[in-house]
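Engineer: give the three-dimensional model of this entry:
(chains A and B)
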Amino acid sequence: MMRQCRPAAEVRSAGLVLGTLTGLMALLVVLAGLSMLVGPAGFGVPSRATSTILVEIRLPRTILAILVGGGLGLSGAALQGYLRNPLAEPGIIGVAGGAGLGAVLAIHSGASAAFALALPLGGLAGAAIAMLAVLLLAGSRGGGLSLILAGVAIASLASALISGVLSLSRNPFAAVEIIFWLLGSLADRSLVHVWLAAPFIVAGMALLLRQGSALDALTLGTDVAANLGIDAGRLRFAVVAGTTLAVGAATAVAGTIAFVGLIVPHVLRPLVGHVPSRLLPASLVGGAVLLLAADLILRLVTPAGELRLGVVTALIGTPFFVWLVARTRRELEP
Amino acid sequence: MSLVADGIHVRLAERAVLSGISLDCRVGRITGVIGPNGAGKTTLIRALAGLVPVVEGNIMLDGARLADLPPALRGLRLAYLPQNRLVHWPLSVRHVVALGRLPHRFVGTTQAASREEEIVDRALEAMKVAHLAERPASELSGGELARVLFARAVAQEASIILADEPTAGLDPAHALALFDVLERMATEGRTVVLALHDLSLAARFCHEVVLLAGGRVVAAGSPAETMTEEALATVFGVRMAVGEVGGVPAIVPLPPLPGRLLPRDSAP
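Structural biologist: Coordinates of the predicted model:
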């Protein structure tokens, strides 16, 4: 009797996973299309005269939303799987803070005024330095906890240094620029930004997507994962390096965008049967969908761009978090 | 495949946990490691699985050094079951058991998809958990989870089984059923090594017993040779009665004799 039930249940779960991915991909295509059609220059397909807008403004914005959102979602899923903690998010290992600090220093020093790409380049350098510091601090043999502690230390240091730079900023315009940049945005990015960030984000994604089986094995604990052939040191390096590449480059071009890496894996986990390896591709697409949607909302609500993307994702994220707290409380209450 | 430890020393956090342990786990035999808490049983099983670095001495798998084997190949040779029954995400039972196939995937010895499915099915059936296959592992009872995690080790199809307290928390029927599977595995030509708390089960099912105290081997050999009242009393610090009930070995701790002080603080 049970043997007859099994294939049906199996097919149902496989169907759900496939349906989730297909649905997310369809949503991604629709939102990307909308993203190309919506903007302050008006709705609809622009004429030949305005095709510049399409290629120079909306295309980079759409591509960056997909890359940044996908990188954040995927990194969140990989970190949650590696740390086996549903509250982990890319910011926890300090690379986003490092990227932020690098970019802020580029603004503060005036380098970005002299040379526009100094800002993302500074962000990339900051992320790389933060990653090395975290790996050194966490040691090669420590477990997930040492990585979290090292990451929190580096993130706090980066955040303190950013505040320091802000308070030392004698030019109020530079300070406002720093604050606005930190809030995250995809406005006014060009194809150059795309070319700068894409290789890093794509490389990081490729590295993270390859860790699926290892993350699955970790479900049974580090000892069993090691017994199943997982090299703990290599996995840790791959997760940290992949996150650094994806999130560091994303932060370098788009600023700090909160909550995407936390919420997306959370929402999708039950839909993919909680299997970490299935969650990775789903979170990539889901992150891209969420960021595209947030950026669209932003453009529709405030076409002039007063509201920042990081603010919108946080506004979407907080109610979700409240719901999460309520649900957890319900489950824990006797 | 035989598993031999040759004078191994293990240090954890600067403390010597195992000092010069030698043992010979032979094919087709169940070797039990017994001893009081803190004797080093868990560390010994982990060392034999290659999970903790051995600072001195060697662990040999059919004459080859375990330390020289790449991680994935180790997973093909030996399956390790820890004492804690951990499943971090509510994966389905089938998924948990299928994880046992990972070493085969890493090494490239995976078989056709239908055959892989069959191996997982067989492991589920061997541990009598086939009816739970689609249930989330997080919703199982302790006994069910223990059997599911053991099924993962069965699916691994390794020639050596290393299990740390596999019967801990199991009711008598499930404990006996598990030993049934272990005996079958041994008869099929596997090498089974267990850390055990239950002395009666150890005396009943193990072919060889290694008595461990303070990170050293105190006695090794057949249960009859090693598990004497005197040896057990010395190592565990409690008077023991070794006998038989209903035709099977039974070992029972006894209260101290009147006039004698309470048992010694710990093992020698």
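Engineer: which regions of the stretch 151-268 of chain B sit below the pLDDT cut-off?
Structural biologist: Applying pLDDT under 70 to the stretch 151-268 of chain B flags residues B:259-268.
Engineer: now the helices for it?
Structural biologist: Here the stretch 151-268 of chain B has its helices, by DSSP state H, counting those that start in this stretch, at B:172-187, B:199-205, B:223-226, B:229-236.
Engineer: would you format these as JSON lines with distance to residue A:183 and mean neighbour count included?
Structural biologist: Every residue, glycine included, has its C-beta placed from N, CA and C. As requested, the helices of the stretch 151-268 of chain B are exported to JSON lines (distance: least, Cβ to Cβ, whole Å; neighbours: other Cβ atoms under 10 Å in any protein chain shown):
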{"stretch": "helix B:172-187", "distance to residue A:183": "57", "mean neighbour count": "16"}
{"stretch": "helix B:199-205", "distance to residue A:183": "63", "mean neighbour count": "22"}
{"stretch": "helix B:223-226", "distance to residue A:183": "70", "mean neighbour count": "17"}
{"stretch": "helix B:229-236", "distance to residue A:183": "65", "mean neighbour count": "18"}
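Engineer: and of those helices, who's closest to residue B:14?
Structural biologist: Closest approach to residue B:14 among the helices of the stretch 151-268 of chain B (Cβ to Cβ): helix B:229-236, 25.4 Å.
Engineer: so where do the strands sit in chain B?
Structural biologist: B:3-12, B:15-25, B:30-34, B:56-61, B:64-65, B:78-81, B:160-164, B:191-195, B:208-213, B:216-221, B:239-245, B:248-254 (DSSP state E).
Engineer: which residue does the stretch 201-334 of chain A bring closest to chain B?
Structural biologist: residue A:229 (3.4 Å; Cβ to the nearest Cβ).
Engineer: my guess is that residue meets residue B:77, correct?
Structural biologist: No: Residue A:229 is beyond contact range of residue B:77, at 10.8 Å (criterion: Cβ atoms under 8 Å).
Engineer: so where's the stretch 51-200 of chain A uncertain?
Structural biologist: A:142.
Engineer: okay, the strands of chain B in JSON lines with distance to residue B:104 next?
Structural biologist: Converted to JSON lines, the strands of chain B look like this (distance: least, Cβ to Cβ, whole Å):
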{"stretch": "strand B:3-12", "distance to residue B:104": "20"}
{"stretch": "strand B:15-25", "distance to residue B:104": "23"}
{"stretch": "strand B:30-34", "distance to residue B:104": "25"}
{"stretch": "strand B:56-61", "distance to residue B:104": "17"}
{"stretch": "strand B:64-65", "distance to residue B:104": "19"}
{"stretch": "strand B:78-81", "distance to residue B:104": "12"}
{"stretch": "strand B:160-164", "distance to residue B:104": "16"}
{"stretch": "strand B:191-195", "distance to residue B:104": "19"}
{"stretch": "strand B:208-213", "distance to residue B:104": "30"}
{"stretch": "strand B:216-221", "distance to residue B:104": "34"}
{"stretch": "strand B:239-245", "distance to residue B:104": "43"}
{"stretch": "strand B:248-254", "distance to residue B:104": "38"}
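Engineer: who wins for proximity to chain A among those strands?
Structural biologist: Per Cβ to the nearest Cβ, nearest to chain A of the strands of chain B: strand B:78-81, 4.0 Å.
Engineer: does chain A sit close to that closest one?
Structural biologist: Yes: among the residues of strand B:78-81, B:78, B:79, B:80, B:81 lie within reach of chain A under Cβ under 8 Å from any Cβ of the partner chain.
Engineer: okay, and the residue nearest the centre of chain A sits in which element?
Structural biologist: Closest residue to the average C-alpha location of chain A: residue A:72 at 1.2 Å, with Cα atoms, centre = their mean. Secondary structure from DSSP states H and E places residue A:72 in helix A:59-83.
Engineer: next secondary structure element downstream of that helix?
Structural biologist: Downstream of helix A:59-83 (by DSSP H and E), the next one is helix A:95-108.
Engineer: okay, buried residues for the first helix or strand past that following helix going along the chain please.
Structural biologist: Sequence order places helix A:111-114 as the next helix or strand after helix A:95-108, per DSSP H and E. By 16 or more other Cβ atoms under 10 Å in any protein chain shown, the buried positions in helix A:111-114 come out as A:111, A:112.
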